[in-house]
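Asks: Sequence first, predicted coordinates after that:
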Amino acid sequence: MNILFFGTSKFAVPALEALTAAGFKPAAVITLPDRPCGRGLQNTPSPIAISAKKLELQLFQPEKLSREESVEKLTSFRADVGVVAAYGKLIPEHVIKLFPKGILNIHPSLLPEFRGPSPIQYAILESKTKTGATIMLVDKELDHGPILTQEEENISPDDTTETLSARLANRGSQLIVRTLPQWLSGSIAPREQNHAIATFTKLILKEDGNIKWDESAETIERKIRAYTPWPGAFGFIKNENKTIRIKIIHATILTQPSQEKRGKILEQNGLPLVVAANGGILLHKLQVEGRRAISGQEFLNGYPRALGAKFE
């Protein structure tokens, strides 16, 4: 039974490792080409490319799956089934048809809720208390195919995208190891999604992290958690006639309203307090651009003139 694995991001690594350990060693791993990364813009392999090399798996990194040479290469593996997790691109219909047993996708939500590229962030942004992992069959539409199985995952009040993603990646990896043999043996039947109640997510952009302080403290706090680690929640203040960018890493809500202007930095119990629409945000951990992450208290000690300043 030949398997091809499609994946790119860190989320996909536990699934690749779990499948290999369980005896479902892929004939090849398909991931995106190395991309420029970091300040030096050095070409850097994806987390899945790094994992595949450690596992001594064959690696294929096409720029586009739809190109004739890519299809010829995929065909040469004579794969029976595919597994995809956070690959980063839609798989064309003619590529899906290369697999007699289809392609199984690990999606980090309880489909049909939160289709699209940002299901984990949206679960936090919309204040959900539960999400989950879904194993589904890939079709030509985004996250539209029939479901094979699902499992729930609780969301804690302090979860960030980073912490929740790690748990969902592990849950998805366990689920695919259990589901794949059931699917191949014919002991599990797919069920159509209820498309009428589907909800959709958009790609998170860098500018989404720029906090608007006229929003509620609850909304801002959820954004801080949803945008950790990327793109990060941030804002700009003037300090000694210089504009500095501040990334907020950890914060909590103060529900007591203030008459001060929204975005103004006050002090509360030794920490910076930023005024929001119906309360404030206590900054426990933050990072001035180009510097190391520091506590809120360290920030006030190092930037005393920030008190009274206002986020732009």
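Replies: Good, I have the coordinates.
Asks: what's next to stretch 139-155, contact-wise?
Replies: Contact partners of stretch 139-155, identified using CB atoms under 8 Å, 6 or more residues apart in numbering, comprise 90, 92-93, 96, 104-105, 107, 110-112, 115-116, 123-124, 128-138, 164, 167-168, 171, 175, 178-179, 182-183, 188, 190-193, 195. Using the backbone N, CA and C atoms, a C-beta is placed for each residue, glycine as well.
Asks: Could you list the buried residues of that stretch?
Replies: Using 16 or more other CB atoms under 10 Å as the test for burial, stretch 139-155 gives 139, 143-145, 147-149, 153, 155.
Asks: And for stretch 281-296?
Replies: 281-283, 285-288, 294-296.
Asks: can you check stretch 187-205 too?
Replies: Judged by neighbour count using 16+ other CB under 10 Å, the buried positions of stretch 187-205 are 188, 193, 201, 204.
Asks: What of stretch 270-278?
Replies: Buried residues in stretch 270-278, defined by neighbour count with 16+ other CB under 10 Å: 271-277.
Asks: any chance of the residues you listed in CSV, with pLDDT, distance to Glu72 and secondary structure too?
Replies: Output for the buried residues of stretch 270-278, formatted as CSV (pLDDT from 0 to 100; distance: CB to CB, whole Å; DSSP: H, G, I helix; E, B strand; the rest coil):
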residue, pLDDT, distance to Glu72, secondary structure
Leu271, 96, 60, strand
Pro272, 97, 58, strand
Leu273, 97, 61, strand
Val274, 97, 56, strand
Val275, 96, 60, strand
Ala276, 95, 56, strand
Ala277, 91, 57, coil
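Asks: if we can go back for a sec, dump the buried residues of stretch 281-296 into JSON lines; add pLDDT, distance to Glu17 and secondary structure as well.
Replies: JSON lines is the format used below for these (pLDDT from 0 to 100; distance: CB to CB, whole Å; three-state DSSP):
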{"residue": "Ile281", "pLDDT": "97", "distance to Glu17": "38", "secondary structure": "strand"}
{"residue": "Leu282", "pLDDT": "97", "distance to Glu17": "39", "secondary structure": "strand"}
{"residue": "Leu283", "pLDDT": "97", "distance to Glu17": "37", "secondary structure": "strand"}
{"residue": "Lys285", "pLDDT": "98", "distance to Glu17": "31", "secondary structure": "strand"}
{"residue": "Leu286", "pLDDT": "97", "distance to Glu17": "34", "secondary structure": "strand"}
{"residue": "Gln287", "pLDDT": "97", "distance to Glu17": "31", "secondary structure": "strand"}
{"residue": "Val288", "pLDDT": "96", "distance to Glu17": "37", "secondary structure": "strand"}
{"residue": "Ile294", "pLDDT": "98", "distance to Glu17": "35", "secondary structure": "strand"}
{"residue": "Ser295", "pLDDT": "98", "distance to Glu17": "35", "secondary structure": "strand"}
{"residue": "Gly296", "pLDDT": "97", "distance to Glu17": "38", "secondary structure": "helix"}
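Asks: can you tell me which residues contact Asn278?
Replies: Residues in contact with Asn278 (CB under 8 Å, 6+ apart) are 216-218, 255, 257.
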